[in-house]
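A.B. asks: Give me coordinates for this.
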Amino acid sequence: MGFCGDGVRGAITLLLERSTISALYADVAPTGGESMHDACGELANMLIGGLQARLRPLGASIRIGLPITIRGADLALGASCAATSTGRAFATGHGRILLRLDLELDHGFAFASEPALEPSVGAGDALYF
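C.D. replies: Next up is the predicted model:
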């Protein structure tokens, strides 16, 4: 799932088995077909939304693309062309989730040395306007 902003761009890639996503979303989504693609896309949305919330106070406002899901056998992640690429594996009780973050910064771009102070709002907090 791609993202871009002024001076920053990149992507988050998730790789997991069908049995893992089926087990993680068993209570909220039926298994099989398009619902598995939707569940994977929602997981990517949650992760990149968290990244967006952490980058904003550092002066990096990003726009988020739409999730793309691919299904198949023997899939592998190719080499990244990004300046910075890091991967992590997370174990769940239902299998592993592989996550890769690719990040490119424009020459001269720098994160804010002191995070901007914003009202503290956590995930799941209710906001009233």
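A.B. asks: Okay, and A89 sits in which element?
C.D. replies: strand 84-92 (DSSP states H and E).
A.B. asks: Quick check: the residue nearest to G65 when sequence neighbours are not counted vs I64, distance?
C.D. replies: Spatial nearest neighbour of G65, excluding adjacent residues (C-beta to C-beta, 6 or more residues apart in numbering): G2 at 4.0 Å. Heads up, the C-betas are built off the backbone N, CA and C, glycines and all. Remark: distance between G2 and I64 (C-beta to C-beta, to the nearest Å) = 8 Å.
A.B. asks: Please pull out the lowest mean pLDDT helix or strand from the protein.
C.D. replies: Every helix and strand of the chain was ranked by mean pLDDT, DSSP states H and E. The lowest is helix 18-24, at a mean of 82.
A.B. asks: Quick one: residues in contact with that helix.
C.D. replies: By C-beta atoms under 8 Å, 6 or more residues apart in numbering, the list of residues contacting helix 18-24 from outside reads 31, 36, 39-40, 43, 71, 92-97.
A.B. asks: top of these by neighbour count?
C.D. replies: Within these, neighbour counts (other C-beta atoms under 10 Å) peak at C40, which reaches 24 neighbours.
A.B. asks: got the contact list for the strand ranked longest in the chain?
C.D. replies: Counting by DSSP state E, the longest strand found in the chain is strand 95-105. Strand 95-105 is contacted by residues 7-17, 19-20, 23, 47, 51, 77, 80-90 when judged by C-beta under 8 Å, 6+ apart.
A.B. asks: what do you get if the cut-off is 7 Å, keeping everything else the same?
C.D. replies: 7-17, 19-20, 77, 80, 82-90 (C-beta atoms under 7 Å, 6 or more residues apart in numbering).
A.B. asks: picking up where we left off before, which helix or strand lies directly C-terminal to the least confident helix or strand of the chain?
C.D. replies: helix 33-55.
A.B. asks: ok, and what's touching that next one?
C.D. replies: 1, 3, 12, 14, 18, 21-22, 25, 29, 62, 64, 67, 69.
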